[in-house]
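> Build the 3D model from these lines:
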Amino acid sequence: MSKTLLVTGGAGFIGSNFVLEAVLQRGFRVINLDKLTYAGSLANLAPLEGNALHTFVRGDIADRPLTARLLAEHTPDAVVHLAAESHVDRSINAPADFVTTNVVGTFELLEAVRAHLATRSSSERASFRFLHVSTDEVYGSLGPTGAFTEDSPYAPNSPYASSKASSDLFVRAYHRTYGLPTLTTHCSNNYGPRQFPEKLIPLIIAHALEGKALPVYGDGQNVRDWIFVEDHVEALLRVLEAGTPGETYCIGGRCEWTNLDLVRRICSELDILAPPSENPALVRAGVRSYHELVTFVEDRLGHDRRYAMDPQKAERTLGIKARHTFDQGLTKTLRPLRVRPDAAPPVLQRWRDIPCSESGSAAHGAR
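Numbering: from 1, shown residues only. Alright, predicted model coming up:
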């Protein structure tokens, strides 16, 4: 019998990729609850139009009566909690939204699930799962060596990271206090198709194609560990399938880049895929390579120096391992890239029809 999932934040970047995989590849029934803030879009779910396995509900996770109704009406086998405010820069400028969504919203969702399970049979309670998707940022900043593990102490350095750390602790408490069958994952930086262009990779791509400056914080030597979103989604489904309630799993791509090297890597790719000589914005500015657009800017407040994840536990106990190299993931990111219509430079239209073989050879040939 196919599973039924209640997915929160399923119109966002990671959420939409998760929902598409769950419905189209796994045949799961998905109730998709999303508030449709700026980073969520129904366009991300276009392949599911008319699909009876997908039900979209616009709403807030902090609306307990709504989530209670959805749980009672659809009796899902699991809740996959992806809804969150997730952009660090925005959390520095407007932290209240992050507390409201990430902390209060998670609390209200947990309470709705706890009340729902109290009405279910013992066998239903035993098989139910609450999968809470968190971030590596709750662990703070690393030095030049080492990696975060499930046992790393929390040391959040931004309002975003603090809000996620708080939500993690609520999830832990609901398992320990009420026996809620929770699972928590911490993942490194995601990239891939349909990512909103405020995060580093889509922002650099969009700015470059529009001939805008490519901002790099500080000296550009901050390090991030990257994972292609499809690999993250597959890992989440595996955790949902075989993870042990109460456990935490670190998910990573074993793929570290300094911010500066990553931006330069994308510039080299764009020089091939969208030559500056064919981009009117760059021709007008006399720019012959996207590398010329790289601009160092004042460092971000509380900017963590390095993140890296040690995914050995997930690999050993659940068989989880990222399948994509960075080159392969970037190729898939560039080919179907979608940016909001009001932000999309005309040259993006060319990418939408680039065959895999053409974009693949470019991605693997540019270093």
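
> And the helices in the stretch 251-367 of the chain?
259-273, 280-285, 312-318, 326-334, 348-351, 356-365 (DSSP state H, counting those that start in this stretch).

> I'd like the ones you listed laid out as a markdown table, including mean neighbour count.
For the C-beta atoms, the positions are set from N, CA and C on the backbone; glycine is no exception. Below are those laid out as a markdown table (neighbours: other C-beta atoms under 10 Å):
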| stretch | mean neighbour count |
| --- | --- |
| helix 259-273 | 20 |
| helix 280-285 | 14 |
| helix 312-318 | 16 |
| helix 326-334 | 22 |
| helix 348-351 | 14 |
| helix 356-365 | 15 |
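
> any idea which of those scores lowest on pLDDT?
Mean pLDDT across the helices of the stretch 251-367 of the chain is lowest at helix 356-365; the value there is a mean of 27.

> who does the longest helix seen in the chain touch, helix- and strand-wise?
Among all segments of the chain classified by DSSP state H, the helix with the greatest residue count is helix 159-178. Using 3 or more C-beta pairs under 8 Å, 6 or more residues apart in numbering; DSSP states H and E, the elements in contact with helix 159-178 are helix 88-93, helix 95-98, helix 106-117, strand 129-135, strand 182-187.

> Residue 6: which of the ones you listed is closest?
Nearest of the helices and strands packed on helix 159-178 to residue 6, taken as C-beta to C-beta: helix 106-117 at 8.9 Å.

> Centre of the chain to the closest one, how far?
The chain centroid and the centroid of helix 106-117 are separated by 23 Å, computed with C-alpha atoms, centre = their mean, to the nearest Å.

> Domains in this protein, by residue range?
4-196+227-256, 200-220+257-306+324-365 (automatic domain parsing).

> Save those as CSV, and put in distance to residue 312 too.
Listed next are these as CSV, based on distance: least, C-beta to C-beta, whole Å:
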stretch, distance to residue 312
domain 4-196+227-256, 8
domain 200-220+257-306+324-365, 19
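
> picking that back up, tell me the angle the longest helix of the chain makes with strand 182-187.
Here helix 159-178 runs at an angle of 160 degrees relative to strand 182-187 (axes from the mean of the first three to the mean of the last three C-alpha atoms, to 10 degrees).

> and helix 159-178 with strand 129-135, angle?
Computed by the same axes, to 10 degrees, the angle between helix 159-178 and strand 129-135 is 150 degrees.

> Okay, buried residues for helix 159-178 please.
159-168, 170-172, 174-175 (16 or more other C-beta atoms under 10 Å).

> got a list of contacts for that helix?
Counting contacts by C-beta atoms under 8 Å, 6 or more residues apart in numbering, the residues outside helix 159-178 that touch it are 84-88, 90-92, 95, 98-99, 101-103, 106-107, 110, 114, 130, 132, 134-135, 137-138, 140, 154, 156, 180-182, 184, 245-246.

> rewinding a little: of all the domains of the chain, which lies closest to residue 315?
domain 4-196+227-256 (9.6 Å).

> Give me the distance from the closest one to the chain's centre.
The answer for domain 4-196+227-256 is 10 Å, by C-alpha atoms, centre = their mean.

> Now do the end-to-end distance for that domain.
Start-to-end span of domain 4-196+227-256 (C-alpha to C-alpha, to the nearest Å) is 36 Å.

> where in the stretch 201-350 of the chain is pLDDT low?
Applying pLDDT under 70 to the stretch 201-350 of the chain flags residues 336-350.

> Break down it into its strands, ranges please.
Counting by DSSP state E, counting those that start in this stretch, the stretch 201-350 of the chain has strands at residues 214-217, 223-228, 248-251, 256-258, 294-297.

> count of residues packed around residue 226?
Using other C-beta atoms under 10 Å, residue 226 has 22 other residues around it.

> Packed most tightly, which of the domains of the chain would that be?
Mean neighbour count (mean count of other C-beta atoms under 10 Å) peaks for domain 4-196+227-256 among these, with a mean of 20.
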